[in-house]
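Chemist: How does the following fold in three dimensions:
(one chain, ligands or ions: 1)
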Amino acid sequence: MSKKIFFSGVQPSGNLHLGNYLGSIKNWVDIQDEYQAICCVVNLHAITVPQDPSELKKKTIEVAKLYLASGLDPEKVIIFRQSDVPQHTELMWLLNTITKTGELFKMTQFKDKSGIQENGVTEKISVGAGLLNYPILMAADILLYDTDLVPVGEDQTQHLELTKTLARRFNNRFAKERALLKIPEIFVSKIGKKIMSLTEPNKKMSKSAESPNSRIELLDKPEVVRKKIMRAVTDSENKIYYSDKKEKAGLRNLLNIFSIITGKAPEEIAVDYQDKGYGDLKKDLAEELVEYLKPIQKKFSEISDEEVLDIFEKSKRTLIPRAERKITELNRAMGLE
Ligand code: AQP
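Modeler: Take a look at the predicted model:
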């Protein structure tokens, strides 16, 4: 029997960070033998906010290198660049026609990135229609390949619920007798699903956050990791314990990260440090992180751009015929062919 399919991706919209890795990429590596993995560098999503073209091209290759450096096996996993398979945008258009604008306007990511308020006013001048339509492209990515599972961080679950809604809606309208779009399952790991910012611990860690001090980047040098962790926002109580309290958000985030990378429960780590200061905890966490990132960084430095471009080329040849078949089926169902 052929393997079930998982699909996921990361935007080359900045420097990949611990949240992208722990919330997403690490989970792909863990299940790559069980599933047929399709891992995309979603460069078309990245351009929903302004990008510098040459930087985007460079970052796209860098993201794929980080997939490989994190342990994805190119012999088993299909790693590709979203813009290489034009059927993603073709399917997006079909899905566009069955999406309600109200469904898009209520998306948290759109509201956060556009700054648009309930009254339609925005302070930002660069908000494009692409940002609003972002979740439709995401639905197209997933539905194009009959995906069974989508492993993502918690922030993406709202978009995935829309993917499921659109698939059901399409099947109800155009494919009543034999469903043409598979309803995917969402997979959000219990740990690592939402790593918080080091400088604003009530917000998620993000590539596009202005301050680089807010995130540990996967390619940060040891001294940079140390500096960022030592500067991480905590609280003035200076007492180490694991709690849901809002004012302990910074400490809780550090304990959560410590926990994921050492495999020890955060409550237990808190007990180990209960008689020590935040500085001691931070120093040890920084050293753990430096060691944790070392093998990824070493492998990254050994992968050439050519290697990645060859992989993109091979994946493109594998995926396009498959995607074309899907589009033909869908076009027929909609009366377009
Ligand atoms: N802080 C996070 N904790 C856990 N998982 C996270 N992810 C992102 N941030 C965290 C997961 O990483 C995958 C790739 O994310 P993306 O590149 O598609 O875009 P995003 O979710 O919008 O991530 P960023 O880093 O905040 O990027 P920008 O700033 O460009 O928007 C997804 O599975 C996501 O859930």
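
Chemist: burial count for residue 316?
Modeler: Using other CB atoms under 10 Å, residue 316 has 15 other residues around it. C-beta: built from backbone N, CA, C; applies to glycine.

Chemist: Test for you: state the pLDDT assigned to whichever residue of the stretch 51-200 of the chain sits closest to the ligand.
Modeler: The stretch 51-200 of the chain approaches the ligand most closely through residue 153 (2.4 Å), counting by CB to the nearest ligand atom. We have a pLDDT of 93 for residue 153.

Chemist: Same check on the one 3 residues further on?
Modeler: Per-residue confidence at residue 156 stands at 95 (pLDDT).

Chemist: residues contacting it?
Modeler: residue 138 (CB atoms under 8 Å, 6 or more residues apart in numbering).

Chemist: from what I can see, it looks like it's in a helix, true?
Modeler: Yes: per DSSP: H, G, I helix; E, B strand; the rest coil, residue 156 lies within a helix segment.

Chemist: near the ligand, which residues of the stretch 201-337 of the chain?
Modeler: Within the stretch 201-337 of the chain, the positions near the ligand by CB under 6 Å from any ligand atom are 204-208.

Chemist: which regions of the stretch 101-250 of the chain lie under the pLDDT threshold?
Modeler: 116-126 (pLDDT under 70).

Chemist: mind running it again at 90?
Modeler: The stretch 101-250 of the chain contains residues with pLDDT under 90 at 111-128, 189-192, 208.

Chemist: in it, which spans are strands?
Modeler: When assigned using DSSP state E, counting those that start in this stretch, the strands of the stretch 101-250 of the chain occupy the ranges 149-151, 185-187.

Chemist: Most neighbours out of the residues of the stretch 201-337 of the chain next to the ligand, which is it?
Modeler: residue 205 (26 neighbours).

Chemist: Which one of the strands of the stretch 101-250 of the chain lies nearest to residue 158?
Modeler: Across these, residue 158 has its closest neighbour in strand 185-187 (10.3 Å, CB to CB).
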